[in-house]
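> Model the structure of this input:
(one chain, ligands or ions: 1)
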Amino acid sequence: MPKTNNPLSGYFRAPKLYTKLPSGGKFYTDDVIDLSESKEVAVYALTAKDEAILKNPDALLNGEAVSQIIKSCVPAVRKPRKMLSSDIDTLLVAIQGATYGDDIDVKGKCPTCGKECSGIASVEGALETMNTLEESYAFDTMSGLTIEVKPFSYESTIKAGIANFQSTRSLQSLASIEDEMEQLKAFNNSFVRMASVNFDLTVDAVASIRGTAEDGDEFVVTDAAQIREFLENCEASIGKEIEKTIEQISKIGVNKKVQLECDDHGPFEQEVGFDPVNFFTAS
Ligand SMILES: [Zn+2]
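Below is the predicted model:
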């Protein structure tokens, strides 16, 4: 908090809670986040201005809203876009708790009868039970390469979100195209664009590829252009294995599952909507 002569400064918001991060800060330099010895960050409640930012759909989509509120509510963070997605998710859960209290109302439909059931999730509980990321994730290919996969950055998540949004919108606009050939062409374009974004995300997720050359020398490739060229020319099974690893890593972080109970069919799992769009409805 900035120092001021304002007699009201003592009444400015104070940290509401402290949280660790799934990354433990392992992947960052000091210009991204300023972590204390305890590896915890202080979390403040949203200001009125932050709440207003969260109501701007464009800013939500391009990641600007989340970047700004994280800088406002977690002063230790300097470059939110450079952080990992799982850390950003965790901070959003913490900010939600700091602003609206520990209890979050959760609703979900019973998978058997469709009845709406409700329960309460605890922010502190979710933060305390988070699992943390390993230093690295790698697998070996049949051909003797070792591929190291890194966790998704928040930047990549925004890219994927925008691509999803555009794809949904262009698919919706398909209905208004009368000519069938034109419709098919538009559908193909949308499909190709989506596939290309997914490929970019896969390339982004590969940290390095190690192997041994014929002369016995070991090599490590970290150059993005070389990794891209390899992925364009390797067997599809390697791409699938990378995607599988990405999926496993993306499950690591704060626990978003909560148990609800149907009176007739017992307990079932429901994902809690901690994402920024839900900030809307919560406020
Ligand atoms: Zn039921």
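
> For residue 173, which non-adjacent residue is spatially closest?
Once flanking residues are discounted, residue 173 sits nearest to residue 186: 7.6 Å by CB to CB, 6 or more residues apart in numbering. (Each C-beta comes from the backbone N, C-alpha and C, glycine too.)

> and the one you found, how many neighbours does it have?
Per other CB atoms under 10 Å, the neighbour tally for residue 186 reads 16.

> do the same with residue 218
8.

> ok so, going back, relative to the ion, how far out is the residue nearest to residue 173?
41 Å (CB to the ion, to the nearest Å).

> What helix or strand is that residue located in?
For residue 186, the host element (DSSP states H and E) is helix 180-205.

> Report the separation between the two terminal residues of stretch 257-271.
5 Å (CA to CA, to the nearest Å).

> again, but for stretch 32-50
Distance across stretch 32-50, first residue to last, is 21 Å (CA to CA).

> mean confidence for the helix holding residue 186?
Averaged over helix 180-205, pLDDT sits at 88.

> Tell me who's in contact with the residue nearest the centre of the chain.
What sits nearest the mean C-alpha location of the chain, by CA atoms, centre = their mean, is residue 85, with 3.3 Å. Neighbouring residues of residue 85 by CB atoms under 8 Å, 6 or more residues apart in numbering: 151, 152, 153, 154, 156, 157, 250.

> Which pLDDT value belongs to it?
At residue 85, the model reports a pLDDT of 90.

> gap between it and the ion?
Distance from residue 85 to the ion, by CB to the ion: 33 Å.

> do the same with residue 50
Residue 50 is 38 Å from the ion, by CB to the ion.

> Let me know how buried that residue is, in neighbour terms.
The burial count for residue 50: 20, using other CB under 10 Å.

> and the residue lying closest to residue 84 once chain neighbours are set aside, which of the three is it?
Nearest-residue entry for residue 84: residue 151, 4.8 Å, with adjacent residues in sequence omitted and distances by CB to CB, 6+ apart. Here residue 151 is coil, with the state taken from DSSP: H, G, I helix; E, B strand; the rest coil.

> what does residue 260 give?
Taking three-state DSSP, the label given to residue 260 is strand.

> That one reaches residue 272, doesn't it?
No - in this structure, residue 260 is not within contact of residue 272 by CB atoms under 8 Å, at 10.3 Å.

> buried set for the helix holding residue 186?
186, 190, 194, 197, 201, 202, 203, 204, 205 (16 or more other CB atoms under 10 Å).

> so where's the stretch 101-250 of the chain shaky on pLDDT?
Within the stretch 101-250 of the chain, not a single segment meets pLDDT under 70.

> Which residue ranges of it form strands?
Here the stretch 101-250 of the chain has its strands, by DSSP state E, counting those that start in this stretch, at 103-109, 116-122, 137-140, 146-149, 206-212, 218-221.

> out of the ones you listed, deepest packed?
Among the strands of the stretch 101-250 of the chain, ranked by average contacts under mean count of other CB atoms under 10 Å, first place goes to strand 146-149 (a mean of 20).

> now what about it, what contacts it?
By CB under 8 Å, 6+ apart, strand 146-149 touches 136-141, 205-211, 238, 241-242, 245-246, 249.

> Contact residues of the stretch 1-150 of the chain facing the ion?
Contacts of the stretch 1-150 of the chain with the ion, taken as CB under 5 Å from the ion, map to 110, 112, 113, 115.

> Which members of those define the maximum pairwise distance?
Spatial extent of those (CB to CB) is set by the pair 112 and 115 at 8.6 Å.

> Give the intersection of the neighbour lists for the two.
What both residue 112 and residue 115 touch, as defined by CB under 8 Å, 6+ apart, is the set 262, 264.

> and the helix holding residue 186, what does it pack onto?
helix 154-174, helix 224-233, helix 236-250 (3 or more CB pairs under 8 Å, 6 or more residues apart in numbering; DSSP states H and E).

> Could you tell me how far the residue nearest to residue 84 is located from the ion?
Applying CB to the ion, the value for residue 151 to the ion is 36 Å.

> quick thing: my sequence starts at 106, can you match it?
Understood, numbering begins at 106; the last thing we discussed is residue 256.

> Next up, the contacts around residue 202.
Counting by CB under 8 Å, 6+ apart, residue 202 makes contact with 121, 122, 148, 209, 228, 229, 232.

> May I have the residues that are in contact with the fifth one?
Going back to what we said before, that points to residue 228. 122, 198, 199, 201, 202, 206, 207, 208, 209.

> quick one, the host helix or strand of the second one and helix 341-355 angle?
Using DSSP H and E, residue 198 falls within helix 190-205. Relative orientation of helix 190-205 versus helix 341-355 (axes from the mean of the first three to the mean of the last three CA atoms, to 10 degrees): 30 degrees.
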